[in-house]
Structure formats: C-alpha cells, structure tokens
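Trainee: Here's my sequence, what's the structure:
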Amino acid sequence: MDDFLIKFFPNVHERKLHASENNYCKYDDQMLQLFTSSLYIAALIASFFASRACTLLGRRPTILMASTFFIGGACLCGAAEAKWMLIVGRILFGIGVGFGNEAVPLFLTEIAPVQHRGAVNILFQLFVTIGIFIANLINYGTSMIHPYGWRISLGLAAVPGCVLLVGSLIITETPSSLVERGKEDEGRKALKKIRGVDEVDAEFQQIVAACEQGRQVKKPFKKLFKRSGIPALFVANIIQVFQQLTGINAIMFYAPVLFQTLGFKSDASLLSSVITGLVNVGATFVSIYLVDKVGRRKLLLQASVQMFISQVAIGAILLTHLSATGTLHKGLAALVVILVCTFVMSFAWSWGPMGWLIPSEIFPIETRTAGFAFAVSTNMIFTFIIAQAFLSMMCHMRAYIFFFFSAWILVMGLFVVFLLPETKGIPIELIEERVWKQHPVWKKFYDDDEGKRDEMA
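Mentor: Numbers count the residues shown, from 1 in each chain. Presented below is the predicted three-dimensional model:
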C-alpha cells in the first residue's frame, strides 16, 4: 500500500512512481525485504524453544503461547509510528509462527485416527490458505482507505490470534503428550474423549509402548544425529527446503508486485492476488479428499509435473514478451495469471500440505518434537532466504528466475521417486518398523546392534 510505503519506505515509493523504472527492479529494497523476512528469523529461533515447551508442557500450552505472541505482534504493528515498532511487532509475529508451526501439526497428527491422519493434518494447511485468502481480501479493501488502511490490515491480524487463544483453552491435550509426561490415566481419558468410544486399549497400549521406549532416550537432539536418526531427519528437512524452492512464497508473498510488473494497476494486482488465494483454498480441499486415498507420493509427483510446466511457461512468456520498461499484452497477462493459478493449485494439494504432514508423522515419539523443531527451523531459514532475496533475484535474473525454480522442481520429483517412502495408513508409533526399515535405501541406516546402543544413549 502506498500510504505504508510513504511512511516507512519513502525511497521505495519514490522509485515506484517512476514510469521508466525497470519493471523487474522497482521494489528491490533490502530494508523492505528485511521487514518482510524478519518474521522468519524470529520463527527459526523460536521453534527450538517451542520444541522444549511441547515436550515439557504439552502441545496445548504451546499453542496458547503462540496465540499471545501473535496478538502482541498485531497490536504493535497496527499502532506503529516508527520502523523499530514494525520490526519488533514482526518479530513477535515470528515467535508466534514458530510456536504455532511446531505445536499445531504435531497436535493434529497425534489426535487423528490413522485412516484419516493425512486429511486431519492438512486442516492446518487449509486454514493457512484461508488466512492468506482473507488477508488478500482485507488488503484489497483497506487499500482504498487513506491514510491508515495499512493499520487496519496489520491490526486485524490479532483476530486469528484471538481465535487460536480461545481454541487453545477448549481443546484436549493429545494422549501421546500426556503419556509421554507420565500422565497415563489422563492420557487414556483423553483418547476415549477424542475417539468417542470406551474401547481404546489396543491404540492406548501402542502409545504407552512408544512412550516407554522414548523415555529411555535422555538426549533426543543427540539421537537425531545417530545413524538410525538420519533418514527421518534428512527427509523432514529436505521436504521443507524443497517446499520453499518451488517458488510458492515468491509468488504468493509478492503477488501484488508480480502482477504490477505484468502491467496491472495497483488495485487490479491486489484483486489478482485474491484470485490466487481463492484457488489456493479450493485446491487444498482436493488434498484433504485424496491424501488418505492415493497417498502422499502420488500427489507430490503429479504436482511436480504440473508446477514444472507452469513455471517454464511463465518464464518463457516473460522472457519473450516483457521488456524492462514495457507491459504485457492484455491477453498474455491474463495467460500468466492462469498459469500462476495452475501452479498455486498444484502446490496447494501437494508440497504445501505435505511439507507439514510428512515431517509430523515420520519421527518416533522420543525424537518427534526435536525432529519437527529442525523441520520448522529449516522451513523458516529457507523462507527467510527466499523472502529476503526474491526481489533482488527478480531484478537481476528477470524472467530467468522462473527457470531457476523449475529446475529445483525437477530435482524434487526425482527425490520423491527414489527417496521418499509412503506413510499412508501406517500408525505413527510403527513408522520406524514399517517404513524406514523396509525402504530399499533407508533400511541400510538401521542396524540392530546400533539401535540398542542408541536406546541406551
């Protein structure tokens, strides 16, 4: 929004006004990018504290803490009168994201019945996409309110924080977390409440057995780096890296910038972002429906093909038809919007939700919160890198940036084919036995003698 740029980033606004400005470089400002990406550094650091909170206090209190940080960040950003207030508010947002991203996917995975675990976990991604869509609608509306529309946009971020706060006071703690902390009677009651039946002995005994094995491990972070911990740690983290290298955050975070580069006016660019947000939400429902039917791997492979084609096509159109200071023909601009939508669509039913689902279900109980903390932090590191670098990359690489991301999508597809095991329908307490020790590549990392030594560590 122009009012926001005038108040905090006047140099960026001045460059934006110059009609002859290079289309790819008009928003290339390190302070603007730092404001955007500072959230992810805060989330990166916070995720490790959130891991300890999840282990010692439980998933529910960690979600409660996430909501309070988020509300504080929204209040500070909405009332900001100086850059330092914006940055501190953004950091509070980041801490909230770190705590929330650590606790919520674990919570959903641990309460879900095995046959619906994928669909339940993807509810996390669904509400993320709904949040993005609503945020785009709010930005579109408040962009017409001068000069304080941006305050409304930032301040309204407290609303989902309040919803999360109320929800954290209502939900039941996960049985796995309760048993892990020695509260077996409460864990059994929680499982009966979640399942809605009294006969839960078989499932409860699986949880108890997994937690008893987990208690033998006194240093979960150390165990992660044992030979037998490498498969889950590698897969969980590389999925987070690949999720960012699809280019999705580059497209979604800077969608207004992208569409202005294509020649749309300011309001039209925000409207185009609303369209992509709606596609994002709709396609996530496809993932919820299919993930426990066709499995994780098939969704990821299909989407890799669709995203690759979309990125290459966008790059080719921009390379051949968009000059540094011109605009696209209206028909070609519309085609690029359609291609962006097909890209967002395929991401939303694959690498988006799977990036949180798979890491939350592949670790044994003794390293689950520690391993997932690494996954969250890796996500934040690469989100930070992409958010900080994208506008500069677009300035220097121009249309070739889309070929850069498409090359990574090709690598991601090969990773799924050769290194990613299927976890559909397998209880999380049995993932190690039924998944890792059966995979043609990863089973080599498991040795019975070393496994016994690891458990004694």
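Trainee: only C-alpha atoms for contact and neighbour calcs from this point on.
Mentor: Noted.
Trainee: residue contacts, the closest residue to residue 47 other than its chain neighbours?
Mentor: Once flanking residues are discounted, residue 47 sits nearest to residue 98: 4.6 Å by C-alpha to C-alpha, 6 or more residues apart in numbering. Contact analysis of residue 98 by C-alpha atoms under 8 Å, 6 or more residues apart in numbering lists 42, 43, 44, 45, 46, 47, 50, 66, 376, 377.
Trainee: Run a quick neighbour tally on the residue nearest to the first one when sequence neighbours are not counted.
Mentor: When the adjacent residues along the chain are set aside, residue 42 lies closest to residue 94, with 4.8 Å between them (C-alpha to C-alpha, 6+ apart). Neighbour count of residue 94, defined by other C-alpha atoms under 10 Å: 28.
Trainee: any idea how far residue 166 is from residue 94?
Mentor: 20 Å (C-alpha to C-alpha, to the nearest Å).
Trainee: chain center to the helix or strand that contains residue 37: distance?
Mentor: Assigned by DSSP states H and E, residue 37 falls within helix 30-56. Relative to its chain's centre, helix 30-56 lies at 13 Å (C-alpha atoms, centre = their mean, to the nearest Å).
Trainee: Run through the neighbouring helices and strands of that helix.
Mentor: helix 59-78, helix 83-111, helix 368-397 (3 or more C-alpha pairs under 8 Å, 6 or more residues apart in numbering; DSSP states H and E).
Trainee: Now tabulate those helices in JSON lines and tack on mean pLDDT and distance to residue 235.
Mentor: Putting these into JSON lines (pLDDT from 0 to 100; distance: least, C-alpha to C-alpha, whole Å) gives the following:
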{"stretch": "helix 59-78", "mean pLDDT": "96", "distance to residue 235": "23"}
{"stretch": "helix 83-111", "mean pLDDT": "93", "distance to residue 235": "17"}
{"stretch": "helix 368-397", "mean pLDDT": "85", "distance to residue 235": "9"}
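Trainee: Which of these sits closest to residue 11?
Mentor: Nearest to residue 11, of all the helices and strands packed on helix 30-56, is helix 83-111, at 14.0 Å by C-alpha to C-alpha.
Trainee: angle of the closest one against helix 368-397?
Mentor: Counting by axes from the mean of the first three to the mean of the last three C-alpha atoms, to 10 degrees, helix 83-111 lies at 130 degrees to helix 368-397.
Trainee: so after helix 83-111, what's the next helix or strand?
Mentor: Following helix 83-111 in sequence order, the next helix or strand is helix 117-142 (DSSP H and E).
Trainee: so that next one versus helix 83-111, what angle?
Mentor: Using the same axes, to 10 degrees, helix 117-142 lies at 150 degrees relative to helix 83-111.
Trainee: distance between helix 117-142 and the chain's centre?
Mentor: 11 Å.
Trainee: Downstream of it, the next helix or strand is which one?
Mentor: Under the assignment DSSP H and E, the closest C-terminal helix or strand after helix 117-142 is helix 149-155.
Trainee: pLDDT below threshold where in the protein?
Mentor: Residues of the chain meeting the criterion pLDDT under 70: 1-2, 5-6, 9-10, 12-13, 15-33, 249-250, 252-270, 323-328, 448-457.
Trainee: Tell me which two of the contacts of residue 98 sit farthest apart.
Mentor: Largest separation among the contacts of residue 98 by C-alpha to C-alpha: 66 and 377, giving 15.5 Å.
Trainee: Flag every buried residue along stretch 206-223.
Mentor: Residues of stretch 206-223 classed as buried by neighbour count (16 or more other C-alpha atoms under 10 Å): 206, 207, 208, 210, 211, 212, 214, 215, 217, 220, 221, 223.
Trainee: Please tell me how far the first one sits from residue 428.
Mentor: Yep, that's residue 206 we're talking about. From residue 206 to residue 428 the distance is 10 Å (C-alpha to C-alpha).
Trainee: For residue 197, give me the backbone phi and psi.
Mentor: Phi and psi for residue 197, reported as degrees, to the nearest 10, are phi -140, psi 160.
Trainee: picking that back up, could the contacts of residue 98 go into TSV alongside distance to residue 285 and neighbour count?
Mentor: Converted to TSV, the contacts of residue 98 look like this (distance: C-alpha to C-alpha, whole Å; neighbours: other C-alpha atoms under 10 Å):
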residue	distance to residue 285	neighbour count
42	30	24
43	27	30
44	28	27
45	32	19
46	30	25
47	28	31
50	29	30
66	26	30
376	23	29
377	27	25
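Trainee: Please identify which of the residues you listed is nearest to residue 88.
Mentor: Set against residue 88, the nearest of these by C-alpha to C-alpha is residue 42 (9.9 Å).
Trainee: Centre of the chain to stretch 393-400, how far?
Mentor: With C-alpha atoms, centre = their mean as the basis, stretch 393-400 stands 25 Å off its chain's centre.
Trainee: Extract the C-alpha trace of that stretch and format it as PDB.
Mentor: The C-alpha trace of stretch 393-400 is given here as PDB (Å, rounded to 0.1, in the frame of the first residue of the first chain):
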ATOM      1  CA  MET A 393      16.800 -12.100  -7.700                       C
ATOM      2  CA  MET A 394      13.900 -10.900  -9.900                       C
ATOM      3  CA  CYS A 395      15.800  -7.600 -10.500                       C
ATOM      4  CA  HIS A 396      19.000  -9.400 -11.700                       C
ATOM      5  CA  MET A 397      17.700 -12.700 -13.100                       C
ATOM      6  CA  ARG A 398      14.400 -11.200 -14.600                       C
ATOM      7  CA  ALA A 399      12.400 -13.900 -16.300                       C
ATOM      8  CA  TYR A 400      15.100 -16.500 -15.700                       C
END
